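Engineer: here's my sequence, what's the structure:
(one chain, ligands or ions: 1)
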Amino acid sequence: MKKLWFIPFILAMSVLASCATGADVPASKAVNEKLNVSVSILPQKYIVEQIGGDYIEVNVLAGPGADPHTYEPKPEQMKSLARSRLYFAIGVDFEQAWLERFEGANPEMKVVNTIEGLQLLPMTTNEQAGDTSTEENHDNEIDTHTWTSPEMVKHQAAIITQALSEVDPNHAAEYQQNYDAFLAELTSLQADIHQTLEGIGSKKFLVFHPAWGYFAQEFGLEQVAVEVGGQEPSAQELAEIIKEAQTEDIRVVFAQPEISTRSAEIIANEINGKVLLISPLEENWMENMRKVAQTFKDVLK
Ligand code: ZN
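Structural biologist: Numbering: from 1, shown residues only. Below you'll find the predicted structure:
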């Protein structure tokens, strides 16, 4: 009974306390203060969000179903860039074609090259491509699908963390913490994929569009691509691929939902096999990597 006089006092104190914090950080302002960043493709959204958490808002240029080799940003997307402080570049084709215009749309936006320092692969992995690539513009093209390798994503994550911390130093400690946690997750992802693929009978897989070169490199698989330098193969190249598939007893042609599967179906028919869809562009990158590893295991067993 004696202590009841305290209650109004405590209430008054808590009202004062909430007024004080309310003045410092109004709730509505805190929401608007999210750091807006832009990325080219959906897997980058996932990766940047792992590090930026609730402090950032990610604007994706090539959204669901878009093919980053041919994508054309819409006028309203050019406007949306005006809100971004950072652009995380990853080197995909449409980005290379548009990056200057993106910078023109928002000169204040800092462009961060997340593949800086990575050892990149040439785009075509077919051995015979060297002597047949008489078509002009894809002789020296680089394989841009770096995000299919967790090791390369680790590198990108480090660059992203540094850029976020520089632009938003108030949350640098949180970004670092999130990065450390993400790195640990990536390491266990790598271990899981190695375990999934342990003991598979064949290393060689046939894919219409060569999006899995970095994945193959990291996990000891061999990608055989139907496309040569991003183009449909010639009749002779196609015949060679079909022959190779028959020799190697390959019965699956991997294709991706963002790109037409018509040619993949034709090859599948020729080799008495089937087309399986795997996408390198799903937004839940981590889950997709596990799913794809399992699909490779099922096919290459
Ligand atoms: Zn691609």
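Engineer: what are the ranges of the strands in the stretch 201-301 of the chain?
Structural biologist: Counting by DSSP state E, counting those that start in this stretch, one finds strands in the stretch 201-301 of the chain at the ranges 204-207, 222-225, 252-255, 274-277.
Engineer: to residue 67, which of those strands lies closest?
Structural biologist: When these are compared by CB to CB, strand 252-255 sits nearest residue 67, at 12.4 Å. (Each C-beta comes from the backbone N, C-alpha and C, glycine too.)
Engineer: parallel or antiparallel, list what pairs with the closest one.
Structural biologist: With DSSP bridges as the test, strand 252-255 is paired with strand 204-207 (parallel), strand 274-277 (parallel).
Engineer: tell me which residues of the first one come out buried.
Structural biologist: If I follow you right, that is strand 204-207. 205-207 (16 or more other CB atoms under 10 Å).
Engineer: now do the last one
Structural biologist: Residues of strand 274-277 classed as buried: 275-276 (neighbour count, 16+ other CB under 10 Å).
Engineer: got the end-to-end distance for stretch 84-94?
Structural biologist: 19 Å (CA to CA, to the nearest Å).
Engineer: how far is that stretch from where the chain is centred?
Structural biologist: How far stretch 84-94 lies from its chain's middle: 11 Å, per CA atoms, centre = their mean, to the nearest Å.
Engineer: tell me the mean pLDDT over that stretch?
Structural biologist: Mean pLDDT, stretch 84-94: 97.
Engineer: stretch 148-163 now?
Structural biologist: Mean pLDDT, computed over stretch 148-163, is 98.
Engineer: quick revisit: switch the strands paired with strand 252-255 over to CSV; also include mean pLDDT and distance to residue 283.
Structural biologist: Converted to CSV, the strands paired with strand 252-255 look like this (pLDDT from 0 to 100; distance: least, CB to CB, whole Å):
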stretch, mean pLDDT, distance to residue 283
strand 204-207, 96, 21
strand 274-277, 96, 16
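Engineer: any chance of those in a markdown table, plus distance to residue 248?
Structural biologist: Below are those laid out as a markdown table (distance: least, CB to CB, whole Å):
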| stretch | distance to residue 248 |
| --- | --- |
| strand 204-207 | 6 |
| strand 274-277 | 16 |
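Engineer: nearest to residue 182, of the strands of the stretch 201-301 of the chain?
Structural biologist: strand 222-225 (26.4 Å).
Engineer: list the buried residues of the closest one.
Structural biologist: 223-225.
Engineer: list just the nearest of the buried residues of strand 204-207 to residue 171.
Structural biologist: Of the buried residues of strand 204-207, the one sitting nearest to residue 171 (CB to CB) turns out to be residue 207, at 39.9 Å.
Engineer: how near is that closest one to residue 148?
Structural biologist: According to CB to CB, to the nearest Å, residue 207 and residue 148 sit 11 Å apart.
Engineer: again with residue 270
Structural biologist: Counting by CB to CB, the separation of residue 270 from residue 148 is 27 Å.
Engineer: look at the two and report which has more neighbours.
Structural biologist: residue 148 (23 against 16; other CB atoms under 10 Å).
Engineer: could you chop the protein up by domain?
Structural biologist: 9-192, 197-299 (automatic domain parsing).
Engineer: could you tell me the least trusted of the ones you listed?
Structural biologist: domain 9-192 has the lowest average pLDDT among the domains of the chain, namely a mean of 85.
Engineer: that one: how far from the chain's middle?
Structural biologist: Domain 9-192 sits 9 Å away from the centroid of its parent chain (CA atoms, centre = their mean).
Engineer: do stretch 260-280 as well
Structural biologist: Distance of stretch 260-280 from the chain centroid (CA atoms, centre = their mean) equals 23 Å.
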